[in-house]
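Q: Fold the following.
(one chain, ligands or ions: 1)
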Amino acid sequence: MELKNDLILRAATGEPTERTPVWLMRQAGRILPEYRAVRNSVSGFKELVETPELASEVTIQPVDILGVDAAIIFSDILVVPEAMGCSYEMLEQRGPIFPKTIQTLDDVKQLRVDEAHYQLHYVYEAIRITKRALNGRVPLIGFAGAPWTILAYMVEGSGSKTFSKARKLLYTSPELAHTLLDKITTVTINYLQAQVEAGAAMLQIFDSWAGILPPTHYREFSTRYISRICEAIPTVPITVFAKGAFFALADFAQLNCHTIGLDWNSNIAEARATVGNSKTLQGNLDPCALYGSFDSIRQETIAMLQAFGPTRHIANLGHGVYPDTDPEKVKCFIDTVKEYSSKINTP
Ligand code: CP3
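A: Below is the predicted model:
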């Protein structure tokens, strides 16, 4: 099926675009009352994730309501550890917990690997339904967590400010960590490949807990595995978003990916100088900027667009949109990107 809006794919591959494409990390769920209505009609978050028709419905909501240039499939990065045999619970207002965590080599040995991605058939079905329903309006983005971020949850057992149990493991049992990362990487590659087969036109790898590692550990325990994923899937553009990993940008420039996501702490000009011109950059407005007035949102967004320039940029926030953000403010960000970039981009 032909895509009517392929701006994000063209921006990812460095082609000129008549304007800068825009979408928001965590746009599905969180902010829209229409999402909460669907969410309240089911028993919990997991039922929504595991019901393809509903997951598809909330995936498309931001395309209809906000006018973004891409949809991201509604799911969670934690479905991967669950498929491996480490299931999670999503507590209201508190986030995820894992009743059983990974502590020993024996725990790692018991994990499912080769067959694991078949457990996630509901994600592939949600992608197929969404692709049909989108009818070529915008591309659909598939995603997974980076192996390091997934390890962090599997070892820690919940969210944490410091993830010190997970970081401790890298000093006390580096071999166990590598064995676990290797398994997560294999499952993630199979999972992302199946998402592409189902209809994902682009992929994003979320390394949400990149910024808590020292640079040497990050290279050894994260970039290496992200690199393996990028090498294994050359068929669609991949975005690597590693929050807090400004120190890894020079390494990321060598990855076989098209786009690098920047968080709001990144200096845009420095990031561009480090990465070079052969990759697209995505980001990076501070999600808190959307609490400002409409005027200030316009100003901040225009300053961001000027700093990135008219090509090789996908406009986004520097991390997921915060749950209590006014959808009208989100729309102001999106509309400003569309209007202002149409003026400065020459196709
Ligand atoms: O981008 C999208 O809108 C698609 C859906 C999506 C969700 N989670 C749905 C979700 C995506 C891409 C994710 C990724 C994810 N999940 C990450 C990486 C991105 C990031 O923000 O750093 C991480 C670390 C998780 C793990 C996770 N899931 C946490 C810590 C929590 C609780 C707090 C929170 O972020 O809301 C979740 C729950 C979750 N995942 C919700 C949604 C819509 C809220 C739960 C609900 O509706 O009850």
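Q: any low-confidence regions in the stretch 201-347 of the chain?
A: Along the stretch 201-347 of the chain, the model assigns pLDDT under 70 to residues 346-347.
Q: Closest residue of it to the ligand?
A: When distances are taken as CB to the nearest ligand atom, the stretch 201-347 of the chain reaches nearest to the ligand at Ser208, 3.2 Å away. Just so you know, the C-beta spots here come from the backbone N, C-alpha and C atoms, and that holds for glycine as well.
Q: quick one: contacts for that residue?
A: By CB atoms under 8 Å, 6 or more residues apart in numbering, Ser208 lies in contact with Ile77, Gly145, Thr149, Lys243.
Q: Based on its surroundings, how many neighbours for the second one?
A: Put plainly, it is Gly145. By other CB atoms under 10 Å, the residues close to Gly145 number 23.
Q: Which residue does this structure have closest to the ligand?
A: Gly29 (2.6 Å).
Q: Could you report the pLDDT at that residue?
A: Per-residue confidence (pLDDT) for Gly29: 87.
Q: what do you get for Ala146?
A: 98.
Q: most surrounded residue in the contacts of Ser208?
A: Counting by other CB under 10 Å, top hit in the contacts of Ser208: Thr149 with 25 neighbours.
Q: Just want the phi and psi numbers for that residue.
A: phi -60, psi -40 (degrees, to the nearest 10).
Q: just Ile205 next, same as before
A: Phi and psi for Ile205, reported as degrees, to the nearest 10, are phi -110, psi 120.
Q: just checking: which of the contacts of Ser208 also lie near the ligand?
A: When contact is defined as CB under 6 Å from any ligand atom, the contacts of Ser208 meet the ligand at Ile77.
Q: Same list, the contacts of Ser208, but as JSON lines with secondary structure and distance to Leu169 please.
A: Listed next are the contacts of Ser208 as JSON lines, based on DSSP: H, G, I helix; E, B strand; the rest coil; distance: CB to CB, whole Å:
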{"residue": "Ile77", "secondary structure": "coil", "distance to Leu169": "19"}
{"residue": "Gly145", "secondary structure": "strand", "distance to Leu169": "17"}
{"residue": "Thr149", "secondary structure": "helix", "distance to Leu169": "14"}
{"residue": "Lys243", "secondary structure": "coil", "distance to Leu169": "20"}
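Q: can you give me the helices for the stretch 101-250 of the chain?
A: For the stretch 101-250 of the chain, the helices defined by DSSP state H, counting those that start in this stretch cover 105-109, 121-134, 147-156, 164-172, 174-198, 215-218, 224-232, 249-252.
Q: follow-up on the earlier one: would you confirm that the residue of the chain closest to the ligand contacts Ala37?
A: No: between Gly29 and Ala37 there is no contact under CB atoms under 8 Å: 11.9 Å.
Q: neighbour count winner among these two?
A: Gly29 (24 against 11).
Q: ok so, going back, which of the contacts of Ser208 sit farthest apart?
A: Ile77 and Lys243 (12.5 Å; CB to CB).
Q: ok, now which ones touch the nearest residue to Leu249 once chain neighbours are set aside?
A: Nearest residue to Leu249, sequence neighbours excluded (CB to CB, 6 or more residues apart in numbering): Thr274, at 4.5 Å. The neighbours of Thr274, taking CB under 8 Å, 6+ apart as the test, are Leu249, Ala250, Ala253.
Q: related to what we said a few turns ago, export the contacts of Ser208 to CSV and tack on distance to Ala133?
A: Below are these laid out as CSV (distance: CB to CB, whole Å):
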residue, distance to Ala133
Ile77, 24
Gly145, 26
Thr149, 30
Lys243, 31
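Q: What is the nearest of the contacts of Ser208 to Pro21?
A: The closest of the contacts of Ser208, once distances to Pro21 are taken by CB to CB, is Lys243, at 21.0 Å.
Q: correct me, but the closest one touches Ala210?
A: Yes: if you go by CB under 8 Å, Lys243 and Ala210 touch, sitting 5.6 Å apart.
Q: What's the local residue count around the nearest residue to Ile141 once chain neighbours are set aside?
A: Counting by CB to CB, 6+ apart, Ile72 is the residue found nearest to Ile141 once chain neighbours are left out, at 4.4 Å. For Ile72, the neighbour count with other CB under 10 Å is 24.
Q: and what of Thr239?
A: By the criterion of other CB under 10 Å, Thr239 has 25 neighbours.
Q: can I assume it is in contact with Leu9?
A: No: between Thr239 and Leu9 there is no contact, the gap being 11.4 Å when judged by CB under 8 Å.
Q: Need the residues touching each of the two.
A: Met202.
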